[in-house]
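Chemist: can't give you the sequence, but here's the structure:
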């Protein structure tokens, strides 16, 4: 089974999550391409897609959401899993987290999963630093790669089940 893992990543944290997912799927025996979403022209040649994006201000990166929207009809006929990487642990109860839930519904994704991300002040531009000072989120790397690997293994198990159906 040919699988695409594509990510929209600004500072590399989401790309690293995508690579960890791809490595797990390869270890499970899948033929996997791991790409930046902006470099993917079509999903036509893949049996399954794992699409992820960093989340900024509740929005997926345009390269990832654009890949989904541009390939929406093809994705409806493919096995699709989605993930977001952001600061989900600091959102207010009941606050909509991002646009990904609607994107997942539109594309018929099997699942949309959220991972906490990384906030490294050294990587931010002046405007981003000003925003961070105003909202005062926790700074650091909150990614849990054990959780990432566990989720990738679940996706792999689901893919194996789909392949045998």
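Modeler: Received it, and whenever you're ready, just let me know what you need. Since this is a predicted model, take the numbers as computed values, not measurements.

Chemist: which elements pack onto the helix or strand that contains residue 69?
Modeler: Taking DSSP states H and E as the criterion, residue 69 maps to helix 62-70. Contacts defined by 3 or more Cβ pairs under 8 Å, 6 or more residues apart in numbering; DSSP states H and E place helix 62-70 against strand 2-8, strand 48-56, helix 100-107. C-betas here are computed from N, CA, C, even on glycine.

Chemist: for this protein, longest helix please?
Modeler: Assignment by DSSP state H gives helix 145-164 as the longest helix of the chain.

Chemist: which SSE is residue 83 in?
Modeler: Using DSSP H and E, residue 83 sits within strand 79-86.

Chemist: mean confidence for that strand?
Modeler: Confidence over strand 79-86, taken as the mean pLDDT, stands at 94.

Chemist: and what of stretch 114-129?
Modeler: Stretch 114-129 comes out at a mean pLDDT of 80.

Chemist: setting aside sequence neighbours, what's the nearest residue to the one residue sitting closest to the centre of the chain?
Modeler: Residue closest to the average C-alpha location in the chain (Cα atoms, centre = their mean): residue 52, at 1.6 Å. Once flanking residues are discounted, residue 52 sits nearest to residue 83: 4.1 Å by Cβ to Cβ, 6 or more residues apart in numbering.

Chemist: what's the burial count for the one you found?
Modeler: Using other Cβ atoms under 10 Å, residue 83 has 26 other residues around it.

Chemist: can you list the low-confidence ranges for this structure?
Modeler: Counting by pLDDT under 70, the chain has low-confidence residues at 88-98.

Chemist: quick one, what contacts the residue nearest to residue 6 when sequence neighbours are not counted?
Modeler: Closest residue in space to residue 6, ignoring its immediate chain neighbours: residue 37 at 4.6 Å, by Cβ to Cβ, 6+ apart. Listed by Cβ atoms under 8 Å, 6 or more residues apart in numbering, the contact set of residue 37 reads 6, 7, 8, 51, 53, 61, 63, 64, 66, 67.
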